[in-house]
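In: Take a look and give me a structure for this.
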Amino acid sequence: MDDARRVMLDTLYKEFGYGYVPQWHRDVMDLKGTYLDNHRHLLLVAVHEGEVVATTGVRSAGPAHPPHPRWLAEHYPSGTTAQLVRVYVRPEHRRQGLARTLVDTACSFIANTPGYERIYLHTNVNVEGAEAFWRSLSKEVFDARTTGEHGPGVATVHFEIPMPYHFTPGD
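Out: Presented below is the predicted three-dimensional model:
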């Protein structure tokens with residue numbers, strides 16, 4: 001758990017540049033309670049040479065309002081929405097298929113977990129490769145870059161992955 005948390009915190013501080021924000025990242029401090037103690041949630045990690053190098057989480061919650069628009073929170077209600085979160089890969093391990101494998105595994109879990117109707121996520125497209133990656137797997141729902149919903153320096157775009165989820169190797 002500590003190694004997974006370290007990947008997440010390093011991403012928040014080094015990649016995003018704004019660090020840990022309690023109202024946005026509460027799950028990072030309580031990984032067990034958030035991901036392991038709820039059968040509809042999931043935490044995945046990729047390990048290379050004994051080190052956690054990537055993470056992905058699933059939570060049964062839609063986007064929170066605020067900071068996200070009310071219409072978005074209503075369209076992706078908690079309980080029936082599976083939200084992909086913490087899809088983080090250490091920079092030196094990117095472009096090797098780790099994120100795609102973790103997302104595929106997470107989406108397969110979602111597709112086989114009763115009650116989920118949608119797969120939602122949002123990402124900071126300022127991180128190199130994030131926007132292209134998500135556009136290859138999902139459809140854009142809302143580009144919040146011009147709204148400043150999270151403040152300066154945060155370029156948020158919201159996406160949905162179609163359900164039922166079908167992964168085709170080589171996509």
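In: Could you count how many residues lie near the closest residue in space to residue 28 that isn't next to it in sequence?
Out: Among residues not flanking residue 28 along the chain, residue 8 sits closest, at 4.8 Å (C-beta to C-beta, 6 or more residues apart in numbering). (Each C-beta comes from the backbone N, C-alpha and C, glycine too.) Using other C-beta atoms under 10 Å, residue 8 has 22 other residues around it.
In: got the CA coordinates for the strand or helix carrying residue 8 in PDB?
Out: Taking DSSP states H and E as the definition, one finds residue 8 inside helix 2-10. What follows is helix 2-10, C-alpha atoms only, in PDB (Å, rounded to 0.1, in the frame of the first residue of the first chain):
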ATOM      1  CA  ASP A   2       2.800   2.400   0.800                       C
ATOM      2  CA  ASP A   3       4.400   1.900  -2.600                       C
ATOM      3  CA  ALA A   4       1.100   2.500  -4.400                       C
ATOM      4  CA  ARG A   5       0.500   5.600  -2.300                       C
ATOM      5  CA  ARG A   6       4.000   6.800  -3.200                       C
ATOM      6  CA  VAL A   7       3.300   6.500  -6.900                       C
ATOM      7  CA  MET A   8       0.100   8.500  -6.400                       C
ATOM      8  CA  LEU A   9       1.700  11.200  -4.300                       C
ATOM      9  CA  ASP A  10       4.700  11.500  -6.600                       C
END
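In: for this protein, which helix is longest?
Out: helix 98-111 (DSSP state H).
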